[in-house]
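In: Predicted model and sequence below, questions to follow.
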Amino acid sequence: MTFLSVGRIPVQKKLGFYKNIATFAPLLNKKHDDERFLSNSISTIIAMMIKPLLNKRKKQYDFHQVFLDFNRTLHAIKDRTLLISSIVARIYELIPAQAIYLFWESYETGHFRLMNTDPGMPQDISLSRDDGLIKWLMLNDSPLTVSFAPEYANIFSPADEEVLRLLETVLICSLKTNNSFRGAILMKKRTDNRPYTSRDLEMLSILLNNAVLAIENVIYHEERVVHLKHIYQTDRLAIIGQLAAGAAHEIRNPLTGIKSAIQYVKGDIQDPVKREMMQSVLLEVDRINEILTGLLSFSRQNNPVKHEFDLSVLIEQTLELIRNTRIKKQVQFTVTFFAPSIPVVADSDQLKQVLLNIILNAIDAIADEGDEGEIAIGVKREIIGGAMFYVITVADNGRGISEDSLEKLFDPFFTTKEDGTGLGLSISYGIIQRHNGTIDVGNRPEGGAQVTIRLPGDLSSFPNSS
């Protein structure tokens, strides 16, 4: 390596400092009697030469600090969305990328879903494990530089290429833990349009090795919390069901006697005001009886009588039952099925009861707002680990559900309606559970609420499915 020398201070020519020296050369060649001036000139030259070295050392220290801060952050964040946002932000600090996209495996669909999106970008971008890109990443650990040259045609499927072009991807890195593929990082060009360097890839590898394990832990924690909630909900409903059955029988017997006595006395009352009062009492007795009927239905938890039927036909029949209600309340329905015919093996009567309850709740939520109502009903299928599930969604544009209410929706007797019994969703929860399915309720980002039902299906019913 070539050096220039000023006194005893070596200066690397490779760093380009000779330009600075050339600037001060006349000062050094000219004879000066003022030794202080010469000393100051040499000091200035040395300061200009070592400044880049100090800056370089500072940058190395900053990178080290970024890694330390990142590792502390990994242990502190327990929310999946916040963790992924933090990981992406740290990558931006280390590598000058125009954009970074993180894909992670969805246990609901089996696909790899984009976890962080830019404004205006579609929300449902995903990569399929059946396409070439994911298969290649599963078998290879090295980063993949994206090219659409003919020799890469056997790697990218048309669906892969569509995603890569949409995101303007130039570099892909796999996310693995314990030799298991979990996702991928897709990156656009560097902000300076230079190729990614080996140093970029080395820093990215160090960061992602820790990040993948952290995401795994957070997701495991979230799924465990959901699982424990389902267990707690199931046990609580079972206990309440036993108490409700006993209470319903004990109340119904004297209630029958009360109703008979009032009807007998009512016939002898001539005063119209008192007769109207007796009629109001009878209506309240009937209402109590209706609640008891719901309690008994909730407590019995009859096992489903399964048979094969067309789910799309069942939904159309359910909508026809409430035709007058939806016309009266001016609610528009949109229905989307993934196939014209959807063969299902389940208890059609019980599923119709669940759908009726959910759709009527959605209509009530819209009616309370006074706006033009829209309810979207959809059925799609998801394949997870070789098993197929039917996914039924009922989404409305109503007022949504408060956070406090979300935690209590499936509790018996919990209701936000003035005339509600609070048993509809509890009964629906038990029906879906006895079908080995799940039912969840949440708020939509665009407003309103959505109920999602997942029921196990038979993959052989769709021989062309992948």
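Out: Right, received. Where do you want to start? Numbering: from 1, shown residues only.
In: Could you use CA atoms for every contact and neighbour count after this?
Out: Fine.
In: Okay, and Val451 sits in which element?
Out: Using DSSP states H and E, the element containing Val451 is strand 449-456.
In: Tell me the strands beside that strand, with direction?
Out: strand 387-396 (antiparallel), strand 438-443 (antiparallel) (DSSP bridges).
In: Could you pull out the buried residues of the shortest one?
Out: By neighbour count with 16 or more other C-alpha atoms under 10 Å, strand 438-443 contains the buried residues 438-439, 441-443.
In: ok, now the longest one?
Out: By neighbour count, with 16+ other C-alpha under 10 Å as the criterion, the buried positions of strand 387-396 are 388-396.
In: can you pull the contacts of Leu186?
Out: Residues near Leu186 by C-alpha atoms under 8 Å, 6 or more residues apart in numbering: 100-103, 169-173.
In: Identify the farthest-apart pair in those residues.
Out: Greatest spatial distance among the contacts of Leu186 (C-alpha to C-alpha): Phe103 and Val170, at 15.2 Å.
In: Look at these two and report which has more neighbours.
Out: Phe103 (22 against 18; other C-alpha atoms under 10 Å).
In: Distance of the nearest residue to that one once chain neighbours are set aside relative to Ser106?
Out: Spatial nearest neighbour of Phe103, chain neighbours left out: Leu114 (4.4 Å); criterion: C-alpha to C-alpha, 6 or more residues apart in numbering. According to C-alpha to C-alpha, to the nearest Å, Leu114 stands 10 Å off from Ser106.
In: From the chain's centre, how far out is the helix or strand where Val281 lies? Work that out for me.
Out: Using DSSP H and E, Val281 sits in helix 272-300. In terms of C-alpha atoms, centre = their mean, to the nearest Å, the centre of helix 272-300 is set 44 Å apart from its chain centre.
In: If the residue lying closest to Ala395 once chain neighbours are set aside is in a bridge, with which residues?
Out: Distances taken as C-alpha to C-alpha, 6+ apart place Gln450 nearest to Ala395, at 4.2 Å, with adjacent residues excluded. Beta-bridge partners recorded for Gln450 (DSSP bridges): Ala395, Gly442.
In: Check whether Gln450 really touches Asn443, as I assumed.
Out: Yes - counting by C-alpha atoms under 8 Å, Asn443 is a contact partner of Gln450 at 6.0 Å.
In: how about Lys259, what does it touch?
Out: Contacts of Lys259 (C-alpha under 8 Å, 6+ apart): 282, 285.
In: Same drill for Leu114 and Ser106, tell me which one is more crowded.
Out: A count of neighbours by other C-alpha under 10 Å puts Leu114 above the other of Leu114 and Ser106, at 22 against 16.
In: List phi and psi for that one.
Out: Dihedral pair for Leu114: phi -70, psi 120, per degrees, to the nearest 10.
In: And for Phe309?
Out: The phi/psi pair for Phe309 (degrees, to the nearest 10) is phi -150, psi 170.
In: So it versus Ser348, what's the distance?
Out: 7 Å.
In: again, but for Phe112
Out: 34 Å.
In: what do you get for His111?
Out: Distance of His111 to Ser348, computed by C-alpha to C-alpha: 30 Å.
In: of those two, who's got more company?
Out: More crowded of His111 and Ser348, by other C-alpha under 10 Å: His111, with 22 against 19.
In: List the residues that contact the more buried one.
Out: 105, 126-129.
In: Ile125 too?
Out: Here Ile125 is in contact with 113-114, 163 (C-alpha under 8 Å, 6+ apart).
In: Those into JSON lines, with extra columns for pLDDT?
Out: Formatted as JSON lines, the contacts of Ile125 follow (pLDDT from 0 to 100):
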{"residue": "Arg113", "pLDDT": "86"}
{"residue": "Leu114", "pLDDT": "88"}
{"residue": "Val163", "pLDDT": "90"}
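In: Please identify which of the residues you listed is nearest to Ala362.
Out: Arg113 (28.8 Å).
In: Identify the residue spatially nearest to the closest one, adjacent ones excluded.
Out: The nearest residue in space to Arg113 (C-alpha to C-alpha, 6+ apart) is Ser126, at 4.3 Å.
In: The one you found against Met115, yeah?
Out: No - applying C-alpha under 8 Å, one finds Ser126 not in contact with Met115, separated by 9.3 Å.
In: joint contacts of the two?
Out: With C-alpha under 8 Å, 6+ apart as the test, Ser126 and Met115 both reach Phe103.
In: Show me the strands in the stretch 301-450 of the chain, by range?
Out: Taking DSSP state E, counting those that start in this stretch, the strands of the stretch 301-450 of the chain run over residues 307-310, 331-337, 343-346, 373-384, 387-396, 438-443, 449-456.
In: Would you indicate which residues of the first one are buried?
Out: Spelled out, it's strand 307-310. So for strand 307-310, counting by 16+ other C-alpha under 10 Å, buried means Phe309.
In: going forward, begin numbering at 45 instead of 1
Out: In the new numbering, first residue 45, that becomes strand 351-354.
In: so what strands line up beside that strand?
Out: Sheet neighbours of strand 351-354, with direction, are listed as strand 387-390 (antiparallel) (DSSP bridges).
In: who touches the partner strand?
Out: 348-355, 479, 501-502, 505.
In: one more time with 6 Å, if that's ok
Out: Applying C-alpha atoms under 6 Å, 6 or more residues apart in numbering, the external contacts of strand 387-390 come out as 350-354.
In: Would you reformat those residues as TSV and include distance to Arg268 and pLDDT?
Out: TSV is the format used below for the contacts of strand 387-390 (distance: C-alpha to C-alpha, whole Å; pLDDT from 0 to 100):
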residue	distance to Arg268	pLDDT
Lys350	30	90
His351	33	90
Glu352	33	92
Phe353	34	93
Asp354	34	93
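In: Report the two of the residues you listed separated the most.
Out: Once C-alpha to C-alpha is applied, those give Lys350 and Asp354 as the farthest pair, at 12.6 Å.
In: okay but Gly444 is in contact with Glu490, surely?
Out: No - assessed by C-alpha atoms under 6 Å, Gly444 is found out of contact with Glu490, at 10.0 Å.
In: Residues contacting stretch 350-360, please?
Out: Taking C-alpha under 6 Å, 6+ apart as the rule, stretch 350-360 contacts 386-391.
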